[in-house]
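Q: Predicted model and sequence follow; I will ask about them next.
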Amino acid sequence: MQIQDRVFIVTGGASGLGEGTARMLAAHGGKVVIADMQADKGEAVARDIGGAFVRCDVSSEADGQAVVSKATSLGKLAGLVNCAGIAPAEKTVGKNGAHSLALYTKTITVNLIGSFNMIRLAAEAMSRNEPEATGERGVLISTASVAAYDGQIGQAAYAASKGGIVGMTLPIARDLARSGIRNMTIAPGIFGTPMLFGMPQEVQDTLAAGVPFPSRLGTPADYAKLVKHILENDMLNGEVIRLDGAIRLAPR
C-alpha cells in the first residue's frame, strides 16, 4: 500500500503515538484525517501537517461515520491507524473496595469497542475501493499493548481491553481477506507518551532502565516506522507485533 496521495485516518492523532503516525504519513505524501477528542490539539496538528481534524468519540457510531465520510471526501481511504485509548489503573479489590464497574466498562468501551467501531466503518468504505495492483484495498492497524500479555497489578481493565484487540486481530483479517483488506496490531512496550510523561521522572527512568535493549523509552517515531513498514509490506496480515525492546513486565 503506497502512502503518497492516499487518505489515512489516525484516531488519537492529536498527541503521542497517533500524532507521530499522522506526521509520518503526511511527510510521505499522505492525506491525514485526525480523529480525536482533543479539539485544540487535534486542529493544531492538522493545520501543521496539512490534514483535517474531526472531533470523535471512537465508541460513537455517528462520530465514526463522520470521520470516515470526511476521509472518503478527500480521496481513496487506504488506511486506518487506531491509537485512541485510555489507561486507568485500579485493583480488582483495593483500599476503597471492589473495582469500579463503570471504570472497567469505560475502558473496554473506549479501547476495545472504539477500535472495532472504527475498524468496521473504515473497512466498509475500503471495500468499495478500486484494488491496487496487488488486489489490496486497504490496511487496518490497531494498538494493543504488552499489557495484553504481561498485565501488571492494577491493570485488569486495561489488559482486558488490549487483550481483546489482540484476540480479534486474526478473525478480522480472515473476515476481510476476500475484500483485500489487511488487519494488523502493534503491541507497544514502554513508550514516551503524554500518559507516561505525567509520571515522576524517577519512575520514567526506572521504566526505561527495565527495557533490555535499547534501554530507553520508545518514541512515537519508533511506532510510526513500524506503521510505515506494515503499510508497505503486504505479507503482514492477521498478526500482532510486539514493539518493546524485549521487555516483559513484572507484576508491579
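A: Yep, it's here. Numbering: from 1, shown residues only.

Q: The host helix or strand of residue 64: how far from the chain's middle?
A: The secondary structure element spanning residue 64 is helix 61-74 (assigned by DSSP states H and E). A distance of 17 Å separates the centroid of the chain from that of helix 61-74, by Cα atoms, centre = their mean, to the nearest Å.

Q: Over to stretch 99-114?
A: The mean C-alpha position of stretch 99-114 is separated from the chain mean by 16 Å, Cα atoms, centre = their mean.

Q: Mind exporting the C-alpha coordinates of it to PDB?
A: This file holds the C-alpha atoms of stretch 99-114, laid out as PDB (Å, rounded to 0.1, in the frame of the first residue of the first chain):
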ATOM      1  CA  HIS A  99     -13.000  -2.200  41.200                       C
ATOM      2  CA  SER A 100     -15.400   0.400  39.800                       C
ATOM      3  CA  LEU A 101     -17.600  -1.300  37.200                       C
ATOM      4  CA  ALA A 102     -18.100   2.000  35.500                       C
ATOM      5  CA  LEU A 103     -14.400   2.400  35.000                       C
ATOM      6  CA  TYR A 104     -14.000  -1.100  33.700                       C
ATOM      7  CA  THR A 105     -16.800  -0.600  31.300                       C
ATOM      8  CA  LYS A 106     -15.500   2.700  30.100                       C
ATOM      9  CA  THR A 107     -12.000   1.200  29.500                       C
ATOM     10  CA  ILE A 108     -13.500  -1.600  27.400                       C
ATOM     11  CA  THR A 109     -15.800   0.800  25.600                       C
ATOM     12  CA  VAL A 110     -13.000   3.200  24.500                       C
ATOM     13  CA  ASN A 111     -10.100   0.900  23.900                       C
ATOM     14  CA  LEU A 112     -11.800  -2.300  22.500                       C
ATOM     15  CA  ILE A 113     -15.300  -1.300  21.300                       C
ATOM     16  CA  GLY A 114     -13.900   2.000  20.000                       C
END
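
Q: what comes into contact with it?
A: Contacts of stretch 99-114 with the rest of the structure, by Cβ atoms under 8 Å, 6 or more residues apart in numbering, involve 11, 57-59, 82, 84-86, 88, 90-93, 156-158, 160-162, 164-165. Glycine gets a C-beta too; all of them are placed from N, C-alpha and C.

Q: rerun at 6 Å
A: Judged by Cβ atoms under 6 Å, 6 or more residues apart in numbering, the contacts made with stretch 99-114 from elsewhere in the structure are 58-59, 85-86, 88, 90, 92, 157, 161, 164.

Q: And residue 192, its phi and psi?
A: Phi and psi for residue 192, reported as degrees, to the nearest 10, are phi -80, psi 100.

Q: where's it relative to residue 249, distance?
A: Distance, residue 192 to residue 249, using Cβ to Cβ, to the nearest Å: 17 Å.

Q: May I see the buried residues of the helix holding residue 64?
A: Counting neighbours by 16 or more other Cβ atoms under 10 Å, one finds that the buried residues in helix 61-74 are 63-64, 66-68, 70-72.

Q: Looking at those, spot the one nearest residue 120.
A: For those, the minimum distance to residue 120 (Cβ to Cβ) is 8.4 Å, reached by residue 64.

Q: Enumerate the beta-bridge partners assigned to residue 143.
A: For residue 143, the residues forming beta bridges with it (DSSP bridges) are residue 186.

Q: quick one, what contacts it?
A: Shown here is residue 143, whose contacts under the criterion Cβ under 6 Å, 6+ apart are 82-83, 186.

Q: to the chain's geometric centre, what's the distance from the helix or strand hosting residue 116?
A: Per DSSP H and E: residue 116 is located in helix 114-126. Helix 114-126 sits 13 Å away from the centroid of its parent chain (Cα atoms, centre = their mean).

Q: Could you shift the numbering so residue one becomes 181, and keep it that way?
A: Let's use 181 as the start, then, which means that last one is helix 294-306.

Q: Return the set of buried residues in that helix.
A: Neighbour-count burial for helix 294-306 flags 294-299, 301-303, 305-306 (criterion: 16+ other Cβ under 10 Å).
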